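> Provided below are the primary sequence and the corresponding predicted coordinates.
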Amino acid sequence: QVQLVESGGGSVQSGGSLRLSCVASGGTYSDYYMGWFRQGPGKHTERVAVTGSDGATTYADSVKGRFTIARDNSKSTLVLHMSDLKVEDTAMYLCGAARRIPRDWRDVPYWGQGTQVTVSP
């Protein structure tokens, strides 16, 4: 059983930056694909970025070039560096873990509690 705890959300103006963090415990971290997902107001849960234990990454088209996902297997941590934030990035951001690469949120069995990101014009 994996436990995940996110931090780092907040409010920022359009064009600003934020860094989200996720700390994992209770499992062998390198066994899991780790990802960031988000749910905006009135929207479906979106896969934002995923990374495998080898550091390979995949991003949603909407965040490519602006967001960077990174993991530290020695510390069981995951970060999401977000820059050039837009109003449409406003969402609850959740850290998720899965043993297979998750195509979407339904493939993720382990979740953190989420951290809110609000981007104002």
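In hand now; what should we look at?

> can you give me the strands in this structure?
Here the chain has its strands, by DSSP state E, at 3-7, 10-13, 18-25, 33-39, 45-51, 57-59, 67-72, 77-82, 91-98, 110-111, 115-120.

> so which of these gets nearest D104?
Taking Cβ to Cβ as the criterion, strand 45-51 is the member of these that comes nearest to D104, at 5.5 Å. In short, each C-beta sits where N, CA and C put it, glycine included.

> tell me which strands that closest one pairs with, and in which orientation.
Strands that pair with strand 45-51, judged by DSSP bridges, come out as strand 33-39 (antiparallel), strand 57-59 (antiparallel).

> what number of residues lie near S30?
13 (other Cβ atoms under 10 Å).

> excluding its backbone neighbours, what's nearest it?
S53 (4.3 Å; Cβ to Cβ, 6 or more residues apart in numbering).

> OK, contacts around the one you found?
When contacts are counted by Cβ atoms under 8 Å, 6 or more residues apart in numbering, S53 is found next to Y29, S30, D31, Y32, Y33, R71, N73.

> just V48 next, same as before
By Cβ under 8 Å, 6+ apart, the contact list for V48 reads G35, W36, F37, R38, Y59, A60, V63, F67, I69, L80, Y93.

> can I get these in TSV with pLDDT?
Converted to TSV, these look like this (pLDDT from 0 to 100):
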residue	pLDDT
G35	98
W36	98
F37	98
R38	98
Y59	98
A60	97
V63	98
F67	98
I69	98
L80	98
Y93	98
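
> mark which of those are buried, thanks.
Among the contacts of V48, the ones that count as buried by 16 or more other Cβ atoms under 10 Å are G35, W36, F37, R38, Y59, V63, F67, I69, L80, Y93.

> what sits opposite the third one in the beta ladder?
Assessed by DSSP bridges, F37 has beta-bridge partners R47, L94.

> now do the same contact list for the closest residue in space to Q39 that isn't next to it in sequence.
Spatial nearest neighbour of Q39, chain neighbours left out: T45 (4.6 Å); criterion: Cβ to Cβ, 6+ apart. By Cβ under 8 Å, 6+ apart, the residues touching T45 are F37, R38, Q39, L94, D104, W105.
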